[in-house]
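Novice: this one's structure only:
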């Protein structure tokens, strides 16, 4: 029993010792500033103790349990977690492993951590046990010492540098080496451009750092853009842990290329102004260093103040150099006035500008003041004294300064006062520039401005006035006052060019006032001005041998200017200004006088234009005959006279036949000459009291009064026909035209001018229908026909708009094969009320109105379209003939129109044959031959219609590039009953074959006609014997059946 009691006692004593030891350990742990900790085999905290936990700054230790060191947010200061992990994995103890982390309030805490491995009795690894000691104060003291040393280093670098550039490089290097940055850059503020520009840099050796710096040289920053721009704008430093991940960074590509991450950017200030930005970069990701951020303000200010001071010293040095250079290089007179000793120094330009002084300058201010013009002296001296006494710095004035020859030069004097520290003026530097030329130029500019204003005012008056004589008088008065001229005048050149008429003058003596003309003699002043059309300036009339005998010398004229008054139509005259003394007139004076002359020219032209307009309002510009307005006015007067006298009168409406052909073939110039000659001939056909007028184009009118009987008007009309029938000689060629004349009598054919002229026009059209070169009296039936014709033209215009025209096709038959060899396209009008209208009823109206051109183009397009339709249906298409009117053929661009239509339709030109009448071709054979050749060149075929009716010349017929002759149906109609028609038909066939042309007979209606033509070698026929003109669909059926005609 004793032995167990003894063990129990020993165990109790051991427990008490253990509890005491634990209490002591717990008390020591709770009182210690160190941390005690244990980790398991996975390096996770299983226990922590120390005064900083619980209510201490580190808070509840439970938040650490189950975490490793690197999972708590702690960061190693020098070694990396990777290196530390290797130590742990090797189960080695570690010592003084420094960490940085944040306590529960966010304050930085620095620790020195020691740990040893713990093993089980079996030798198995159990974990780590260790102690962490706070070293925050030590670290902060060390950091403060480092920053202080950095400030000293920066201060020493800027003190020892001899230039701003060298200082910046030294500072950048010091910061990089002290704070372990790979490179640093300085960006200078460019105030003018408003940007930051690369200025200086330093970097550690390495190609990636060199590349980073090189790329930085190209970069500029604007305010608020990029880190540098943001620091420049805000004035606050910035720290970025990793610039490759920060969206504010504008040049990420450069950073990634050089493998840069950490960045620290801060402003460089001087005098409260940012003069640049310093930027440092590292390859490591670096968290912000608050102490460095706080200390950098001092460093930035140190750098800024030094840079500004060095820049100021450099600017002063350059300023002194520039001053020395300026003194030596300038043309200005430099003055240096020592206000303490009152000594005055001038540079050597004084003599160059003002000449050698009469007396040697005594070096006093008095000599300066005494050389100033008396009128300017008081003002200049007062200004200088005010500058010196009032504390100003700059002064300038313009005044006159004496030259050695007694004249005065205008100078611009600029002074600058230098003061001591107390503000007392001690020196005044001045520069005097000779501005005499500028002053003279300003006076000239002032005079010119005055002259321009006077010219503008005179121009307004001249253009507003309707009194030309008043304008001329104002002109000479203006010239006399402005140029201070003694004598002025305006001379008008007479149409024959032999003398000038004085239109306005001022200042001339009595013996000259009565003169009204000035002769234009060879070699005289006025002759030179007129022939050369340029101003003549004479400084001394008596000394100029060319004008030694000038009558102007007798009245004391010694000098002057004469300028031509030039208009668009020629020279109107001369404007002159003279003086009694010799005088050198300036180019500005000449320009002023010429400007006045130009205004006079415009005023004279305007007056002439007004008179011309008044003339043109009543007369025809080309022929000089009364125009329609004046013709009607005279007609009204003549009708009133006829009413009073009871004698009849007549109006003749005259139209020139074939005038358009002359215009188109010989040109408008020839046409105009023909019209003028025709007007002269017509005027000779009437009496002196009668009137011939031109309505326009080739239409004329005549008023014949006091007729004894109505038939007398026909006598006058016959005279007109005979006068016009005589050949007109145009460009060495004789041209023949005729006239068609319509006659309307008063009062029988109308009681007002409009009615008379309209009815005469109607009669003229009847004369044209009767074959032209004749005259017709107006009848009531003509009026009805004219009205119907007008209604027909209106209906045709509507038909074009409403597409009422259509084409029928009549087949042509080859006599040998009796098969279809072609078609002729024939125009029809599907009238909405009358039904199908044949062309004989409306084609002549289309021709006369000009609508035939528009309709003819439509026919060509329609034929081409139909050919494409037949081809699309797989038919063997035969050539289609299109009739061409005279109006179409005489168009200058007819061949181009044909090519354009054929090309647009994409139709083979050989499938289109153009048919023209014999009379059309013979109206102008030369022009016709040219157009036919152009048509043949396009690939189209050509035939002559109505052959045998147009009196063709065989010589011309051989020259025409044609393919076929079509015998007129009038010969075919009676070919079996009239021997003459048969003989003519056979002759045409023989002629055509001799010219290797095909022969086509139209109007074949009987078998007898057909057999006779076939027996005598006719090639092709068409007519009602085979088929009437029919629709395109019926023609397609014929082609599809390959129809053969018997």
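Specialist: On my side now, so go ahead. Values in this document were obtained by computation on a predicted structure and should not be read as measured data.

Novice: name the residues that touch stretch 603-617?
Specialist: Contacts of stretch 603-617 with the rest of the structure, by CB atoms under 8 Å, 6 or more residues apart in numbering, involve 462, 463, 465, 468, 471, 565, 567, 568, 569, 572, 627, 629. Bear in mind the C-beta positions are built from the backbone N, C-alpha and C, glycine included.

Novice: pLDDT of it, averaged?
Specialist: Stretch 603-617 shows a mean pLDDT of 79.

Novice: ditto for stretch 338-346
Specialist: 85.

Novice: ends of it, how far apart?
Specialist: Using CA to CA, to the nearest Å, the end-to-end distance of stretch 338-346 comes out at 12 Å.

Novice: I'd like the distance from stretch 963-980 to the chain centre, please.
Specialist: Centroid separation between stretch 963-980 and its chain, computed with CA atoms, centre = their mean, to the nearest Å, is 69 Å.

Novice: make that stretch 855-865, sorry
Specialist: Going by CA atoms, centre = their mean, where stretch 855-865 is centred and where its chain is centred differ by 43 Å.

Novice: buried sites along it?
Specialist: Residues of stretch 855-865 classed as buried by neighbour count (16 or more other CB atoms under 10 Å): 855, 856, 857, 858, 859, 860, 862, 863, 864.

Novice: of those residues, closest to residue 780?
Specialist: Ranked by distance to residue 780 (CB to CB), those are led by residue 855 at 31.7 Å.

Novice: over to the closest residue to residue 347 other than its chain neighbours. Which of the three states is it?
Specialist: Distances taken as CB to CB, 6 or more residues apart in numbering place residue 334 nearest to residue 347, at 4.2 Å, with adjacent residues excluded. Here residue 334 is recorded as strand under DSSP: H, G, I helix; E, B strand; the rest coil.

Novice: now do the one 3 residues further on
Specialist: When the structure is reduced to helix, strand and coil (three-state DSSP), residue 337 reads as strand.

Novice: who's it bridged to?
Specialist: Taking DSSP bridges as the rule, residue 337 bridges to residue 344, residue 428.

Novice: I'd like to know how far it sits from residue 1027.
Specialist: With distances taken as CB to CB, to the nearest Å, residue 337 is found 123 Å from residue 1027.

Novice: tell me which helix or strand of this structure sits lowest on mean pLDDT?
Specialist: For the chain, the helix or strand with the lowest mean confidence is helix 510-513, at a mean of 55 (criterion: mean pLDDT, DSSP states H and E).

Novice: for the helix or strand just after it, which residues meet the burial criterion?
Specialist: Next along the chain after helix 510-513, taking DSSP states H and E as the criterion, comes strand 517-519. Buried residues in strand 517-519, counting neighbours by 16+ other CB under 10 Å, are found at residue 518.

Novice: ok now strand 517-519, how far from the chain's centre?
Specialist: 53 Å.

Novice: sheet partners, orientation included, of it?
Specialist: Within its sheet, strand 517-519 is paired with strand 499-506 (antiparallel), according to DSSP bridges.

Novice: pLDDT on the partner strand, on average?
Specialist: Mean pLDDT, computed over strand 499-506, is 87.

Novice: and for that strand, what are the contacting residues?
Specialist: Contacts to strand 499-506, defined as CB under 8 Å, 6+ apart, come from residues 469, 472-473, 475-477, 480, 487-494, 512-513, 515-520, 526, 573-574.

Novice: would you list the buried entries among the residues you listed?
Specialist: Buried, going by 16+ other CB under 10 Å: 472-473, 475-476, 480, 487-493, 512, 518, 520, 526, 573-574, out of those.

Novice: in strands only, show me these.
Specialist: With DSSP state E as the criterion, strands contain 487, 488, 489, 490, 491, 492, 493, 518, 573, 574 from among the buried ones among the contacts of strand 499-506.

Novice: could you dump the residues you listed to TSV with distance to residue 987 and pLDDT?
Specialist: What follows is these, written out as TSV (distance: CB to CB, whole Å; pLDDT from 0 to 100):
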residue	distance to residue 987	pLDDT
487	91	86
488	88	89
489	85	88
490	81	90
491	79	89
492	75	89
493	72	89
518	80	84
573	75	89
574	78	90
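
Novice: one step back: so the residue nearest to residue 347 makes contact with residue 416?
Specialist: No. In this structure, residue 334 is not within contact of residue 416 by CB atoms under 8 Å, at 11.3 Å.

Novice: okay, the two: which has more neighbours?
Specialist: A count of neighbours by other CB atoms under 10 Å puts residue 334 above the other of residue 334 and residue 416, at 19 against 15.

Novice: contacts only, for residue 884.
Specialist: With CB under 8 Å, 6+ apart, residue 884 has these contacts: 856, 914, 915, 916, 920.

Novice: list phi and psi for it.
Specialist: Main-chain torsions, residue 884, degrees, to the nearest 10: phi -110, psi 130.

Novice: OK, contacts around residue 365?
Specialist: Counting by CB under 8 Å, 6+ apart, residue 365 touches 337, 342, 344.

Novice: quick check, pLDDT for it.
Specialist: Residue 365 is given a pLDDT of 84.

Novice: quick one: residue 621 is in a strand?
Specialist: No. Counting by three-state DSSP, residue 621 is not part of a strand but coil.

Novice: tell me where the stretch 301-450 of the chain has helices.
Specialist: Assigned by DSSP state H, counting those that start in this stretch, the stretch 301-450 of the chain shows helices spanning 349-354, 365-370, 374-389, 436-464.

Novice: ignore what I typed, I meant the stretch 501-650 of the chain.
Specialist: 510-513, 525-532, 587-616, 628-645.

Novice: what's the closest of those to residue 679?
Specialist: helix 628-645 (12.7 Å).

Novice: I'd like to know which elements that closest one is packed against.
Specialist: In terms of contacts (3 or more CB pairs under 8 Å, 6 or more residues apart in numbering; DSSP states H and E), helix 628-645 is packed against strand 649-657, strand 691-696, strand 699-704, helix 753-769.

Novice: angle of it against strand 691-696?
Specialist: 140 degrees (axes from the mean of the first three to the mean of the last three CA atoms, to 10 degrees).

Novice: flag the shaky bits of the stretch 101-250 of the chain, pLDDT-wise.
Specialist: Within the stretch 101-250 of the chain, the stretches with pLDDT under 70 are 139-162.

Novice: for it, what spans make up the helices?
Specialist: Using DSSP H, counting those that start in this stretch, helices in the stretch 101-250 of the chain cover 136-160, 164-179, 207-216, 226-234.

Novice: who are the packing partners of the shortest one?
Specialist: When you say that, I think you mean helix 226-234. With contacts taken as 3+ CB pairs under 8 Å, 6+ apart, helix 226-234 sits against strand 195-203, strand 220-221, strand 238-240, strand 262-270, strand 273-282.

Novice: switch the ones you listed over to CSV; also include mean neighbour count and distance to residue 385.
Specialist: Below are these laid out as CSV (neighbours: other CB atoms under 10 Å; distance: least, CB to CB, whole Å):
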stretch, mean neighbour count, distance to residue 385
strand 195-203, 20, 46
strand 220-221, 20, 50
strand 238-240, 20, 56
strand 262-270, 23, 38
strand 273-282, 22, 37
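
Novice: just send those back as JSON lines, with distance to residue 706 too.
Specialist: Formatted as JSON lines, the helices and strands packed on helix 226-234 follow (distance: least, CB to CB, whole Å):
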{"stretch": "strand 195-203", "distance to residue 706": "99"}
{"stretch": "strand 220-221", "distance to residue 706": "101"}
{"stretch": "strand 238-240", "distance to residue 706": "114"}
{"stretch": "strand 262-270", "distance to residue 706": "113"}
{"stretch": "strand 273-282", "distance to residue 706": "108"}
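
Novice: span of stretch 825-844 from start to end?
Specialist: For stretch 825-844, the first-to-last residue distance is 18 Å (CA to CA).

Novice: which residue packs closest to residue 219, ignoring adjacent ones?
Specialist: Closest to residue 219 by CB to CB, 6+ apart is residue 251, at 5.9 Å.
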